[in-house]
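> Here is a sequence with its predicted model. Questions after.
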Amino acid sequence: MRTSVFIPSFKRGQRLRTCLQSLNEQTVRPDEVLVVWQADDSATRDLAESCRVELGYPLQILYSPVAGVVPAENAALDAATGEIILLIDDDAIAPRDWI
């Protein structure tokens, strides 16, 4: 079964980078990761874009014009292709066996 990891992110770029790196170190990598940047936080979008080349999984970068976890998660849910949905905060570090 395919896995989709949702990361709503808002103005915590360095923490987001650490979160994305922790997903790259999983014993089973995600099939896709969806980062949702929100409102006027283009710095998060730019950081996620810069991380793409160093990640070993597909990364989608989505936009939610309204800031908030629920709108961001709904945007990710609309775009996800996985049968298994995992949610992680942008300031979290996933243990290596999380997926």
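Okay, I see it.
> can we go C-alpha only for contacts and neighbour counts from here?
Will do.
> Am I right that L62 sits in a helix?
No - assigned with DSSP: H, G, I helix; E, B strand; the rest coil, L62 falls outside any helix and is strand.
> Contact partners for it?
34-37, 75-76 (Cα atoms under 8 Å, 6 or more residues apart in numbering).
> State the distance from P65 to I7.
16 Å (Cα to Cα, to the nearest Å).
> So which of the two has more stuff around it?
Neighbour count, other Cα atoms under 10 Å: between P65 and I7, I7 has more, with 26 against 14.
> still on that earlier bit, distance to L59, neighbour count and pLDDT added to the contacts of L62, as CSV?
Below are those laid out as CSV (distance: Cα to Cα, whole Å; neighbours: other Cα atoms under 10 Å; pLDDT from 0 to 100):
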residue, distance to L59, neighbour count, pLDDT
L34, 6, 24, 98
V35, 7, 27, 98
V36, 11, 28, 98
W37, 13, 27, 98
A75, 14, 20, 98
A76, 12, 26, 98
